[in-house]
Structures are given as structure tokens and as C-alpha cells.
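J.: How does the following fold in three dimensions:
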Amino acid sequence: MKSSAIEGMGSPISSFALVVPSWLCLNQVNGHFHFPFSHSEAWQGRSILSGTMQDYYATLGVSPSASEQEIRSAYRKLAVKYHPDRNPGGRDAERKFKEATEAYQVLADPQRRAEYDRFGREAGRSDSLTSSHLSSILDSFIGWSDLFAGFREKRSSDSREDDLWLDHEISLEDAASGGQTRVRFSRQECCSECDGSGIPRGSTPVVCSGCGGSGQACFQRGLIRVRHPCHLCQGQIGALCQECGGSGLIVRERTLQVRVPTGVDTGSCLRIAGEGNLRHSADSRGDLLLNLRVKDHEIFERVGQDLHCIVPAGFAQLALGALIEVPTLYGPAKLTIPPGTQSGASLKLCRAGMPHLNSSERGDLWVTLHLVTPTQLNTSQKDLLEQLAPSLRVDNRPLKRASHQTRKRSA
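T.: Predicted coordinates for the structure are as follows:
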């Protein structure tokens, strides 16, 4: 073990010592802390949690040529899948969530991504880390979330433990038209038996002399502060509320009407402010985050903002042309079949697809025509076809492979 001095930032504050491992020798210069390993090893190419080399593109499941939107979409899916709130106690899910977040922080920043693409783990080689990086590394290695609290920058409000994640299915029609959807979920509420105090009504709370009732003891010297469970009470003193077990919170079911924007797709996330879990020590709530999944439709297949469907057609309609009625999400529509249309051809109905997110613009509906051959002909129908057959002969020689590809593209 090795002792290193850390001086205060800004004003000249008396230095003090913190015993740290030899590999974590700190030396502050101009507001930065110097480490024996490089900035790039910590943030550009090495997973601090696993100690092994990490390919950020492989972590997010994208190619090195992926666009910013593809990277953002890949991270969003991984974050929803491995978020700790959805995988309580899952160590593997927590590790994957942190690795995905680390990869996204680099690849979402154009400058850091360019350095990573060019130099890999040696990108932007520097022996200094900012105070926020120092705090994050110490949290990962030691688990002291309050260490160097005086140096830590304000955390983002986008990630809070009291936020509530929920999967919710909607129909393709709801995704196209928007509107209201009913959501049922369970969340933490204030215990009505103890009014959130955690002790039975009429009881007098006992305050621990060691921690003042907080359940945590705090050691602080200068700008360094370390919290740990109180060795006297471990956070529990006296009788506890039988309804909530002393937490002051209980779980209740709630039903909510939520407005769905037009054009949402599977993987879209809606944030409803103030509908999450109740904070234990405050009157405010976290947010409810809905991870949407659009159910498969029995007729239409969605590809981006376009819709695809297959419609049967008769020989006479394809040969002579016809005006047919086809279904859309917005009601029946007329489709013109040109004379001589081949089976498998796709015709486009403009602006009959899915709307763009929160926009009046729509994609298209592609109708693939499928020739239906009659299987039960009466005598008169057979006589008519036999009369036409000599004049409708087809060359049955196999097509060349290039023609196969052309037909597949047209289909």
C-alpha cells in the first residue's frame, strides 16, 4: 500500500493523506488527477470492470461504419434489456449494462470515436483523468459512492433509482393513429399505516446516537467523505411498522391513461414524469418509462415507415387490368392493376403506410399481387379455356438465372 496526498481544488486547502493501493497513486495538477495507467486504457479501449480488452462496436452489436442513429438505437435496446431495475440482483445484466454504457459514451462522441477508430486503446493517450472520471473509477473498484464527493460533478437526472421501467404492447393501429392507451402497473406508495415513518402510529422513534437515525455513519476529513453502515444500529432501531416492515413504502397497483405519439415503433420509449416510485426520503417521485412493443399485424408487415401486404388476384384481372379494393390502416382504398401485370408484382399506394414520428408525413403501402388459379372449373369454363389455350401459349423453357433475380426484386 502507498500513501498519496490530495490537495484541495481552487483555494489552498491543507493537504491530507489517503491510503490507496500502489496502482492508484493520485497526484493533482491543475484540477486533474494523474494515474499510472492512461486515460485511453480506462475509457477508450479497456473495460475497467472486467480488466479485459473490450471492442465497443461488438459490445453494442453494430459495425464500425454504423451511423449515430444506429449506435443510439443499439444502446437503447441494450439499456432497456439489461437495466438493473429490470434485472434485480442480476450481476451479469449489471455488467453488460455498464459495458454498453461505457461503449456508448465513447462511440456517441464524434471526437472520442474518431480517436478510438484510429488508435484503439491508445487513443488520446493521457495520464490524467478529470474529477468525474476519478469518482466513477473509485465507485467501480471500491464501491464508495461518496468518496471525493467534493470533487464530483452533478449526476445526470436521466438515470434515477426511483424511475420505473415497464414493457407495454400496443397494436399497429394504435401506433399509426396515436391516442390513449391504458397502462396497469405496480409502484411504491407511502405506507398508510405509518404515514411513511416506518414505525407504528403512536410510537416514539428512537434515534441512534451513532448515526443520528440515518443508518449510515460518515467519516469526513477535508474534502474526503466515506459512508458505511452504522455498526450500532445497522439502520434499524425499535419497533417497525408491520405493514411496510419499516421501509415506509408499500407496493400498490395503478391504472393510467397514456398518450401514444403517432409513428412509434418497437423499442420506442415513453417517459411519463412523476409516475414512478416514491422516493424514500422525499415527497417527489421518479418517472415511469414505457418500453413499447408493437404487436404483429395479421395482414400488414411493417418495414420502417412502409407497410407490405399480399392480395390475391385472378388471371383475368392480371391479364386485362382491373380496379380492386384493398385494405389499409385508414380504411379501404382503390388500387389500379395495369393490364399484363405478372403474379408477384408489387404495386404502391402512396401515403398509405405508417406516419413518421409526430409528423403528418406517411410511408407507402406495397401490395404484392398473388395469382390464384381456379381448382374447380365447371364444364362451360373448361370449354372456354380450351378455346383460348391455343392463342395463349407460353414458352415453358427455363429462365436464365439473371431473370430469377429480376423476378425476386419485382416481387
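J.: From residue 61, how far off is residue 73?
T.: Computed with Cβ to Cβ, to the nearest Å, the distance linking residue 73 and residue 61 is 10 Å. Placement of C-beta: from N, CA and C, glycine included.
J.: pLDDT of the lengthiest helix in the chain, averaged?
T.: Counting by DSSP state H, the longest helix found in the chain is helix 91-107. Over the span of helix 91-107, the pLDDT mean works out to 84.
J.: Report the buried residues of it.
T.: 93-94, 96-100, 102-104, 106-107 (16 or more other Cβ atoms under 10 Å).
J.: closest to residue 229 among those residues?
T.: For the buried residues of helix 91-107, the minimum distance to residue 229 (Cβ to Cβ) is 21.0 Å, reached by residue 94.
J.: quick one: residue 72 and residue 100 touch, right?
T.: No. Residue 72 is beyond contact range of residue 100, at 11.9 Å (criterion: Cβ atoms under 8 Å).
J.: State the distance from residue 254 to residue 272.
T.: 11 Å.
J.: Between the two, which is the more surrounded one?
T.: Each of residue 254 and residue 272 has its neighbours counted (other Cβ atoms under 10 Å); residue 272 has more, 16 against 12.
J.: what's the distance between that one and residue 263?
T.: Taking Cβ to Cβ, one finds residue 272 at 18 Å from residue 263.
J.: Tell me how many other residues crowd residue 363.
T.: If we define neighbours as other Cβ under 10 Å, then residue 363 has 19 of them.
J.: Renumber starting at 47 from here on
T.: I'll keep to 47 as the first residue from here, and by that count the last item is residue 409.
J.: That one touches residue 374, doesn't it?
T.: No. Residue 409 lies out of contact with residue 374 (Cβ under 8 Å); the separation is 11.6 Å.
J.: between the two, what contacts are shared?
T.: Shared contacts of residue 409 and residue 374 (Cβ atoms under 8 Å, 6 or more residues apart in numbering): residue 353.
J.: Might one say that residue 244 is in contact with residue 289?
T.: No. The pair residue 244 / residue 289 is not scored as a contact, 10.0 Å apart, by Cβ under 8 Å.
J.: list the residues that contact both of the two?
T.: Common contacts of residue 244 and residue 289 (Cβ under 8 Å, 6+ apart): residue 237.
J.: Can you show me the strands along the stretch 347-457 of the chain?
T.: When assigned using DSSP state E, counting those that start in this stretch, the strands of the stretch 347-457 of the chain occupy the ranges 347-349, 352-359, 368-372, 379-383, 392-395, 411-417.
J.: Deepest-packed of those strands, please.
T.: strand 411-417 (a mean of 20; mean count of other Cβ atoms under 10 Å).
J.: Show the average pLDDT along that strand.
T.: Here the average pLDDT along strand 411-417 is 96.
J.: same thing with stretch 210-223?
T.: 94.
J.: Next, count neighbours for residue 127.
T.: Neighbours of residue 127 using other Cβ under 10 Å come to 14.
J.: secondary structure class for it?
T.: Three-state call for residue 127 (DSSP: H, G, I helix; E, B strand; the rest coil): helix.
J.: Show the contacting residues for it.
T.: For residue 127, the contact set (Cβ under 8 Å, 6+ apart) comprises residue 139.
J.: hmm, 10 Å instead?
T.: Counting by Cβ atoms under 10 Å, 6 or more residues apart in numbering, residue 127 makes contact with 133, 139, 142-143, 146, 337.
J.: Low-confidence bits of the stretch 97-246 of the chain, can you list those?
T.: 97-100, 165-206 (pLDDT under 70).
J.: Tell me which stretches of the chain form helices.
T.: Per DSSP H, the chain carries helices over the ranges 85-89, 102-106, 114-128, 137-153, 156-165, 177-188, 218-223, 361-366, 425-434, 447-456.
J.: which other residues reach the second one?
T.: I take that to be helix 102-106. Contacts for helix 102-106 (Cβ under 10 Å, 6+ apart): 90-91, 93, 108-112, 116-121, 123-124, 142, 145-154, 158-159, 162-163.
J.: and that helix, which residues are buried?
T.: Buried residues in helix 102-106, counted by 16+ other Cβ under 10 Å: 102-103, 105-106.
J.: residues touching the residue nearest to residue 370 when sequence neighbours are not counted, list them.
T.: Leaving out its chain neighbours, the residue that sits closest to residue 370 by Cβ to Cβ, 6 or more residues apart in numbering is residue 381, at 5.5 Å. For residue 381, the contacting residues are 357, 359, 368-372, 374, 393-395, 398, 411, 413, 415, by Cβ under 10 Å, 6+ apart.
J.: What distance do you get for residue 381 to residue 423?
T.: Note on residue 381: its distance to residue 423, by Cβ to Cβ, is 27 Å.
J.: Likewise for residue 372?
T.: Note on residue 372: its distance to residue 423, by Cβ to Cβ, is 27 Å.
J.: and what of residue 124?
T.: Residue 124 sits 57 Å away from residue 423, going by Cβ to Cβ.
J.: Pick out whichever of these two has more residues nearby.
T.: residue 124 (20 against 11).
J.: What sits closest to that one if chain neighbours are left out?
T.: Ranked by Cβ to Cβ, 6+ apart and with sequence neighbours excluded, the top spatial neighbour of residue 124 is residue 146, at 4.2 Å.
J.: need the contact list for the one you found.
T.: 102, 105-107, 120-125, 127-129.
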